[in-house]
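1. sharing a model prediction with you, sequence too.
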Amino acid sequence: QSISVIRKRQREKQALQELKQAGFECNQIEKCLLWLSTNGVPSSGEPCHSPLQFLATGAITQVIELASLAALKRQASERLKQSETEKQQQERAECEADERLASEREQKFIRAYPSEDAQAKFVAEFRTRHPEMAVLSGVGLRRLAILEWATLIQIDQATSQLQLAT
């Protein structure tokens, strides 16, 4: 049994030399060996017991192509995952920025209307001006009212600056 292992090792070594003499680079051979160990023989998927001999029979060109395709698919998948991750990070950053702006508007609104009664009155007036908002209540209605208030304040400020400039 140990004799057959020695012979197999010699045949594999000889096959490696043949592949090198045929002009295949070590990194190509290595990629093919990795692909074979992961995927098995291309036609059947069964384990390849003498991979260098298998490659030396001419199968190396097919395995190089399969390994290259697998690498391209892996790279495309990694790019897609990276793109999705970047998109999620961007969406998260936008949500955080929106939350910061909403919080800033809320604080300004509270400074402008310090009592809860004044705040509730403004929100009620907003609801009256916008009957389409009748289905809203609570935080959502309050945020929209504050958004409208902040927008009106910005418009007033811009108008004042224009009047001062002219």
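-> Done, it's in.

2. okay, CA-based contacts and neighbour counts for the rest of this
-> Noted.

3. following the biggest helix by length in the chain, which helix or strand comes up?
-> With secondary structure taken from DSSP state H, the chain has its longest helix at helix 60-112. Remark: after helix 60-112, the chain's next helix or strand is helix 116-129, criterion DSSP states H and E.

4. rewinding a little: which strands and helices lie in contact with the longest helix of the chain?
-> Helices and strands touching helix 60-112, by 3 or more Cα pairs under 8 Å, 6 or more residues apart in numbering; DSSP states H and E, are helix 26-39, helix 138-165.

5. of all these, which one is nearest E104?
-> Closest approach to E104 among the helices and strands packed on helix 60-112 (Cα to Cα): helix 138-165, 9.9 Å.

6. in that closest one, what counts as buried?
-> Across helix 138-165, burial judged by 16 or more other Cα atoms under 10 Å covers L141, R142, R143, L144, A145, I146, L147, W149, A150.

7. again, but for stretch 12-27
-> Neighbour counts using 16+ other Cα under 10 Å place E12, A15, L16, E18, L19 of stretch 12-27 among the buried residues.

8. those into TSV, with extra columns for pLDDT and secondary structure?
-> Formatted as TSV, the buried residues of stretch 12-27 follow (pLDDT from 0 to 100; DSSP: H, G, I helix; E, B strand; the rest coil):
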residue	pLDDT	secondary structure
E12	94	helix
A15	96	helix
L16	95	helix
E18	95	helix
L19	96	helix
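
9. turn the residues you listed into JSON lines, including distance to A70.
-> Shown next, in JSON lines, are these (distance: Cα to Cα, whole Å):
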{"residue": "E12", "distance to A70": "25"}
{"residue": "A15", "distance to A70": "24"}
{"residue": "L16", "distance to A70": "23"}
{"residue": "E18", "distance to A70": "25"}
{"residue": "L19", "distance to A70": "22"}
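
10. name the nearest of those residues relative to M133.
-> When the buried residues of stretch 12-27 are ranked by distance to M133 (Cα to Cα), L19 comes first, at 75.7 Å.
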